[in-house]
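Visitor: prediction below, plus the sequence it came from.
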Amino acid sequence: MKLTTTAQVSVDGVMQAPGGPEEDERGVFERGGWAHFDNEAGTVMDEIYQRADAFLFGRRTYEIFAGSWGTWNDPGDSPIWTALHTRPKYVASTTPFDPKWTNTTVLSGDVAGAIRELKAKAGGELQVHGSGALTRWLLENDLIDEMNLFIFPVVVGQGTRLFPDTGPERALDLVDSRATPKGITIQVYRPAGRLRAVAGVRS
C-alpha cells in the first residue's frame, strides 16, 4: 500500500482544529473552524477517502474522529463516513489504550516496523488524515509516499503548525496542483529525499 497523508492548513501553516473550535483547544486555541470547504474541495476530499484501503491515525486525531465520525449514524451519502466505518483503522500510540471504535488496531512498540508491514500488504492507500505529530515523524522516517495539502486562503495567526520552526530538511516533487473557485489550493507532493548544502542538489 502507498502511504499518503492529507492535511488542511492555512496560508501561515496552521493545521490546528480546522473543522471547529471544539476539535483541539490546546494552548487556549480559540480560532478553530477556519477551514471552509467549497464543493470542488469537498469532492476531492471524498475522492481521497474512497481510495483508502486502511487508515493510520495519531492518538489525538483518532480520538477526535472516533468522537465525531465514529458516533454519527450513516447519512447515506457520505464517502468519508463509509470509508471510516468499513476500512481497518490503525492508531500509532506510545501508550496502550482501549479503542472504542470498531475495527481499530493499536500499534505500539516497533511502530515503524509495523507500518512497513502494513505498507507491504497488497492494496491501494494507507491514509493518514490530520495527525500532525505522526505526519512529521513519518516524514522523518521516510515512510510517506505522497502528501496532500489543502491550503485554505486564511491567516489564522496562531496555533499548531504542520511543520515546526526547526526540523529536518526535505525536497518535495509536485505531483498535482489545482485551485478551487473559493481559492483553496490542493497540492500533491512526493518526498524526494533530503536537501544538501548546495542549493538545488538533492541526496
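Guide: That came through fine.
Visitor: confirm residue 61 sits in a strand?
Guide: No - counting by DSSP: H, G, I helix; E, B strand; the rest coil, residue 61 is not found in a strand; it is helix.
Visitor: that one contacts residue 127, correct?
Guide: No - contact between residue 61 and residue 127 fails when scored by C-beta atoms under 8 Å: they sit 11.8 Å apart. Heads up, the C-betas are built off the backbone N, CA and C, glycines and all.
Visitor: in contact with the most centrally placed residue in the chain, which residues?
Guide: Residue closest to the average C-alpha location in the chain (C-alpha atoms, centre = their mean): residue 129, at 2.6 Å. Taking C-beta atoms under 8 Å, 6 or more residues apart in numbering, we find residue 129 in contact with 5-7, 55, 57, 61, 65.
Visitor: got it, and residue 72?
Guide: residue 81.
Visitor: and it, which of the three is it?
Guide: Quick answer, by three-state DSSP: residue 72 is coil.
Visitor: please enumerate the helices of this protein.
Guide: 39-50, 59-67, 79-86, 111-120, 132-140 (DSSP state H).
Visitor: so which elements touch the last one?
Guide: Taking 3 or more C-beta pairs under 8 Å, 6 or more residues apart in numbering; DSSP states H and E as contact, the helices and strands that helix 132-140 lies on are strand 2-10, strand 52-58, strand 125-129.
Visitor: give me the buried subset of the contacts of residue 129.
Guide: Buried subset of the contacts of residue 129 (neighbour count, 16 or more other C-beta atoms under 10 Å): 5-7, 55, 57, 61, 65.
Visitor: coming back round to it: now distance to residue 32 and pLDDT too, for the contacts of residue 129, in CSV please.
Guide: As requested, the contacts of residue 129 are arranged in CSV below (distance: C-beta to C-beta, whole Å; pLDDT from 0 to 100):
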residue, distance to residue 32, pLDDT
5, 21, 98
6, 18, 98
7, 15, 97
55, 22, 98
57, 19, 97
61, 14, 93
65, 15, 94
